[in-house]
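*Asks:* Provided below for reference: sequence and predicted model.
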Amino acid sequence: MTTLPEFDVVVVGSGAAGMTAALTAAHQGLRTLVVEKAAHFGGSSARSGGGVWIPNNAVLKRAGVQDDAGQAADYLAKIVGAEGNPQLQAAFLRHGPDMLALVQANTPLRFRWVRGYSDYYPETSGGKPGGRSIEAVPLPASVLGADRDLLNPPYLGGKGALAVTQADYRWLNLVIRHPRGLTTAVRVGTRSWLARIRRRELLTMGQALVAGLRAGLARSDVPIWLSTPLIDVEMDGERVTGVRVSRDGEPVTIRAARGVVLAAGGFEHNTQMRKEYQREPIGSEWTVGAAENTGDGILAGQRLGAALGPMDDAWWGPSVPLPRGPFFLLAERTLPGSILVNAAGRRFVNEAAPYVDAVHAMYDADTPEVPHIPAWLVFDQRYRNRYLFAARAPGRPFPAHWYSSGVCAKADTLAGLAAEIGLSGDGLTATVERFNAMADAGRDDDFQRGDSAYDRYYGDPRNRPNPCLARLSKPPFYAVRIVPGDLGTKGGLSTDERARVLREDGSPIPGLYAAGNTSALVMGRTYAGPGATLGPAMTFGYLAALDLAAG
């Protein structure tokens, strides 16, 4: 087996958590290497919306957002509940703003507030109806130089796609319903057209975030070895001293004098692990996480006796299992004129709820005889004429293969639609009749859809009296199959406030750290707001590097 030159720190994984760890380590003067299993860098972070949730940061302050660590601590403690780790929460809130400052000082990244993108539980004490999420300002792809083609492609679109930001996405869903929808579409189109004719490709969302971090690593002379999967972690006695990887098809050992940071994502594409730890029905085909995320870092830590966090959970979201791959629903289930129903044709959740909560409700059926998986998003032609659906323009017919694959059904009556998808016609008809009466009154007495500021963010402000409620009455009627998709798994290696991996007895494994979805995250079983995956992931990558530098 070949032994390569020694580094101070080896980071496994090139998503936002891993690259922030590497950037911080390099800033601390440590010789740092990033190894990446995939042939592209960026992991799931590059496929994401790119939002970053970090309370009380400088970007928010510049935007005039009133926030403080005390409010955020109160909010996290309440939404995470008894399963939360106060030490992890305190470390995240204390060090997140400093991490962001380091990133902005050492990369071309600049961030701005996503105005109005509410925390997911804004009515909870400490929550923010106006939101705490920030996103990267669009970044020219030229910052990557020759590495441009090595950036993991986005979840939707590809190279040269429209340069859409998170802030744009809200209004594009309302392109024919609201003046801001039209002006946003014109602005996005003009920005993208100018970029093309100038041959100056713009990156947005997760693409911009990852590209900026990679550019920062290049400035700091930190290499990323692609197509270099982890085989195992090396030990000398009780201490981690490096990693074994496969490079050019050969096993090699890389020494790490200070230690190793595992930031290799979750286990969403490991069918065996999903079936071992998570509830049925479950499928690795329903995730939008990076294909290479098969739990390698978690398994390596487990072999060393590491404790595990809530492996049964994930960053869930109701998703359409399209033949080409799942589509993760955001605005579609919030916009008025749609309902989500179970096998009895009955509603079972606030359709506009935070996506983790919506899938928890899908799994928590009252009786096994009436499952909520699959569920069906039911809407009428008026809804279809007004709004985007799964990136398809308003009014545009769904592809024939959606129907032939069983993803979608259409009928002129609700009873006919129910028959198409195997539901009770009486049940669906009664549900729609009740929903229509509540929509006319503007109040969802069953599930309070539209009451929360978060619900209303993706609603239609021109729909009165409730931006999330409208009757289903214009045929034909549609039903789209919904499954428990996810952005990635949530459980992983237990860590402390310094990102050190812990054994079952609570003692740290010397030299071993974890961040991002390889670790058991600070959010517990909930989700604080848009970007609450990436904000903590980057922060604990930063903390891991600081501890390695101090050690």
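*Replies:* Noted; the coordinates are in hand.

*Asks:* grab the nearest non-local neighbour of Gly18.
*Replies:* If the residues on either side of it in the chain are set aside, Gly18 comes closest to Ala263, at 3.5 Å by CB to CB, 6 or more residues apart in numbering. (Glycine included, C-beta is placed from N, CA and C.)

*Asks:* quick one: residues contacting that neighbour.
*Replies:* Contacts for Ala263 (CB atoms under 8 Å, 6 or more residues apart in numbering) come out as 11-13, 15, 17-18, 21, 297, 514-516, 518, 537, 541.

*Asks:* again, but for Ser494
*Replies:* So Ser494 contacts Ala306, Ala307, Leu308, Gly309, Val501, Leu502, Ser519, Ala520 (CB under 8 Å, 6+ apart).

*Asks:* got the buried residues for stretch 68-88?
*Replies:* Gln71, Ala72, Ala73, Tyr75, Leu76, Ala77, Ile79, Val80, Gly84, Asn85, Leu88 (16 or more other CB atoms under 10 Å).

*Asks:* picking that back up, which members of the contacts of Ala263 are the farthest-apart pair?
*Replies:* Val12 and Ala537 (13.9 Å; CB to CB).

*Asks:* where does Val378 sit: helix, strand or coil?
*Replies:* In three-state terms, and counting by DSSP: H, G, I helix; E, B strand; the rest coil, Val378 is strand.

*Asks:* ok, it - how many residues close by?
*Replies:* 28 (other CB atoms under 10 Å).

*Asks:* residue contacts, it?
*Replies:* Val378 neighbours (CB under 8 Å, 6+ apart): Ser338, Ile339, Leu340, Val341, Leu417, Leu428, Val432, Leu472, Phe477, Tyr478, Ala479.

*Asks:* how about Val188?
*Replies:* Val188 touches Leu162, Ala163, Val164, Asp168, Leu172, counting by CB under 8 Å, 6+ apart.

*Asks:* go on, Gly492?
*Replies:* Gly266, Gly297, Ile298, Leu308, Gly309, Met311, Ala514, Asn517, Thr518, Ser519, Ala520, Leu521.

*Asks:* swap in 10 Å and give it another go.
*Replies:* With contact taken as CB atoms under 10 Å, 6 or more residues apart in numbering, Gly492 is in contact with 262, 264-267, 295, 297-298, 301-302, 306, 308-311, 501, 514-521.

*Asks:* now the strands for the stretch 351-500 of the chain?
*Replies:* 375-380, 408-411, 477-489, 500-502 (DSSP state E, counting those that start in this stretch).

*Asks:* and if you look at the stretch 151-300 of the chain?
*Replies:* In the stretch 151-300 of the chain, strands defined by DSSP E, counting those that start in this stretch lie at 202-203, 224-225, 230-236, 239-247, 250-262, listed in chain order.

*Asks:* which stretch among the ones you listed comes nearest Tyr403?
*Replies:* strand 202-203 (35.3 Å).

*Asks:* which one of the contacts of Ser494 is nearest Leu226?
*Replies:* Ser519 (22.9 Å).

*Asks:* would you check that the closest one makes contact with Ile298?
*Replies:* Yes: counting by CB atoms under 10 Å, Ser519 touches Ile298, with 8.8 Å between them.

*Asks:* which of these two has more residues huddled nearby?
*Replies:* Neighbour tally, Ser519 and Ile298, criterion other CB under 10 Å: the higher count belongs to Ser519, 33 against 30.

*Asks:* run through the residues that contact the more buried one.
*Replies:* 17, 88, 262-263, 266, 297-298, 301, 306, 308-309, 490-495, 499, 501, 513, 536-537, 540-541, 544.

*Asks:* that one and Ala263, how far apart?
*Replies:* Distance of Ser519 to Ala263, given as CB to CB, to the nearest Å: 8 Å.

*Asks:* and for Val12 and Ala537, which residues touch both?
*Replies:* Joint contacts of Val12 and Ala537 (CB under 10 Å, 6+ apart) are Gly18, Ala21, Ala263, Gly265, Thr518.
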